[in-house]
Each structure stands twice: as structure tokens, then as C-alpha cells.
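Visitor: Sequence and computational prediction follow.
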Amino acid sequence: MIYWITVNYYSSALVGRLIDSIPEEFQPDYRVIIVNNSADDHSIFALKSDHVVILTSPANLGFGKACNLGLDWVYRQNSQAMVWLINPDAYFPEGRNNSDLIQDFVEFPIAHPEVSILGTVIYTPEGRVEFSGGEFNPKTGYIAPKTNLEVFPVSKSYIPTSWVSGCSMVIVLKNFQACPQFDPDYFLYYEDFDFCQRYQQQGHRITITNGISVFHQTSSITNTVPGVKIQQSMYSYLLSLEKHTRREVLLYRLARIIFVSLICLGIHPRTALVKLRGVWQYLSQKRNAKID
């Protein structure tokens, strides 16, 4: 049995497209777990079927905590399963031999049992590479996606990477002693980076393959609220530096962000203010944590 987990936030049409793009050859050995982060979005229930399970959260939990609900559900059903986290605005490409896709996916963890977390190459709808691995330099605080395929040697089925995108992430549950979980401190952004870093430190192998790919309509949901997107991204970036770099790196990056944002107030005031709100959110939560 293969399990997909996706998170719905007023994106029923996108989730429907994702489900429709799943190759027919997967049937009947799959389940799509939709974690509904928008409790009043009743249109999502039109997608319910023998293959589709809907878990409704009482409030918008953000990406990571919503995925945790889905992971807990799957783990209770089958702690040996493969789970494929996939964004609601992602979908499988047309034109590829679906039998090849299924074979690549099903056989990968069998051929490579040492891999616990596997990322896939992600393309934009226009066919450009959006993600082909994650870079991280703890000495400088640099966290960024790679966007080319030259990193993949022809002779390798996968390559190690610092982190993989939660937009398309396969988790092999049998390699974990307990159900893997995202850090609840994150609401949006960088939770996939943190997830990979934590489990890599525990000895799990994080890899990416170019043998499996998806398309992604980038930020089709978060672009509807650009201010929230920028603020949450800034907050989560600083939180990630706190958790995975030295204090000196965090302070340098924090000071640089504040300085540049203040300079940009006269040029791009809205963006600068939203970034400063993200900084304030981070500093406020730090202060509250110390008080508690």
C-alpha cells in the first residue's frame, strides 16, 4: 500500500487535479490522505472515495502540524509503509510511461533500504527545474534549493543532499523507530529543512533522485496572501538558524536582515515592513519562551 499525504487549505480544485493525475496503474494499492486545514471548505468532501481519506483539523495548523496528523494516521495503519508527502498544487506529469513511474517508486526503497527520506526533482509547469536538492552551509546560514540536473551522475540512482522539499518528499516509515514528525514550532516554510536536518543528525540518510519527478504550480496558494508568505518565511528562516547554526551566525543574519529592511523602507515599504514583522514575530516568541 502506498500513501500520499496532502494538505488542503481552500484548494479543493488543486487537490482534485493532483488526484486525477495519479497513474491508474497505482489502483487499488494506494490511499490519498487529505488533511483539511480549512474546516469550512466543504467542497473537499466531494473528493472522498475508497482511495481518498479526509482528516479535518479544527483550525489551520500550518503545513508541518497538518502533515503530522496524516503521518500519525498512516503509522497506525501500517508502520512499514511508504508515505509520499505532496503539495496540493503539485501533480504528476503527463506523457511519461506510468508503468515506469510506478516501478521506479515501488522498487526504490527495496533496492536502497538505507534511504529513509527521498526527494524528487520538481519542475515548474513550464518545465524548468524548481528543485533538485537542498543546500545548507551552517557556517554562513545559507539555505537554498538547487535548480539544475547536472548534479546527478548518470551512474547513480540517487545522491545525498542536505534537505529535500516537502512539496514532494517520500518517507520510508519502516526505517524509523517511532512515527517521524515535523517540528510544531513551524507554521509554514523551512519545516522540511528542519525535518531533514533533525533526522540526518539521528543517522538517517537523506537523498534525492531524478528518476521520479512531479510538476508544481509554485506558491499558487500562498501567493493569495503575499504578506503572510513573506512574514512566515522570515520567521521560519530565523528559527532554522537558531536550531541549526551557531549563535554568531544567527545574530549576523538577524542584524543584516533588519539593516537591509530599514534601508528598503523608502523603496519597497510593504515588503520591508512585512520582513520586519517576521523578525518581530521571531523575537517575540523567543522572549515569550524565556518567560515561560
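Guide: Thanks, I have it.
Visitor: Would you point out which residue is most central in the protein?
Guide: Computing the C-alpha centroid of the chain and ranking residues by Cα atoms, centre = their mean puts residue 166 first, at 1.6 Å.
Visitor: pLDDT wise, what is that residue at?
Guide: For residue 166, the pLDDT comes out at 96.
Visitor: Please report how far it lies from residue 247.
Guide: For residue 166, the distance to residue 247 equals 27 Å [Cβ to Cβ, to the nearest Å]. Quick note: C-beta positions are derived from backbone N, CA and C, even for glycine.
Visitor: And for residue 179, the neighbour number?
Guide: 16 (other Cβ atoms under 10 Å).
Visitor: OK, contacts around the residue nearest to it when sequence neighbours are not counted?
Guide: Nearest-residue entry for residue 179: residue 75, 4.0 Å, with adjacent residues in sequence omitted and distances by Cβ to Cβ, 6 or more residues apart in numbering. Residue 75 makes contact with 81, 173, 179, according to Cβ atoms under 8 Å, 6 or more residues apart in numbering.
Visitor: Sort out which one of those lies nearest residue 208 for me.
Guide: Comparing the contacts of residue 75 against residue 208 with Cβ to Cβ places residue 173 closest, at 18.8 Å.
Visitor: hey, where'd the strands end up in the stretch 1-150 of the chain?
Guide: 2-8, 30-36, 52-56, 82-86, 90-91, 115-123, 129-131, 134-137, 142-145 (DSSP state E, counting those that start in this stretch).
Visitor: so which of the ones you listed gets nearest residue 199?
Guide: With Cβ to Cβ, the closest approach to residue 199 among the strands of the stretch 1-150 of the chain belongs to strand 115-123: 6.5 Å.
Visitor: partners of that closest one in the sheet?
Guide: Within its sheet, and counting by DSSP bridges, strand 115-123 is paired with strand 129-131 (antiparallel), strand 168-172 (antiparallel), strand 205-216 (parallel).
Visitor: how many other residues sit next to residue 255?
Guide: Counted with other Cβ under 10 Å, residue 255 comes out at 10.
Visitor: ok but it is inside a strand, no?
Guide: No - if the criterion is DSSP: H, G, I helix; E, B strand; the rest coil, then residue 255 is helix and not within a strand.
Visitor: Quick check: it vs residue 265, distance?
Guide: 16 Å.
Visitor: Identify the residues contacting the closest residue to residue 43 other than its chain neighbours.
Guide: Distances taken as Cβ to Cβ, 6+ apart place residue 12 nearest to residue 43, at 4.3 Å, with adjacent residues excluded. If a contact means Cβ under 8 Å, 6+ apart, then residue 12 has 41, 43, 44, 46, 47 as its contacts.
Visitor: hey, where'd the helices end up in the stretch 51-200 of the chain?
Guide: 62-77, 98-111, 191-201 (DSSP state H, counting those that start in this stretch).
Visitor: mind listing what the residue lying closest to residue 246 once chain neighbours are set aside touches?
Guide: In space, and not counting its chain neighbours, residue 246 is closest to residue 138: 7.4 Å by Cβ to Cβ, 6+ apart. Contact analysis of residue 138 by Cβ under 8 Å, 6+ apart lists 244, 245, 246, 249.
Visitor: pLDDT at residue 138, what is it?
Guide: Confidence score, pLDDT, at residue 138: 95.
Visitor: Distance of it relative to residue 177?
Guide: Taking Cβ to Cβ, one finds residue 138 at 26 Å from residue 177.
Visitor: Could I get the contacting residues of the closest residue in space to residue 175 that isn't next to it in sequence?
Guide: Nearest residue to residue 175, sequence neighbours excluded (Cβ to Cβ, 6+ apart): residue 116, at 4.2 Å. By Cβ under 8 Å, 6+ apart, the residues touching residue 116 are 171, 172, 175, 176, 199, 204, 205, 206.
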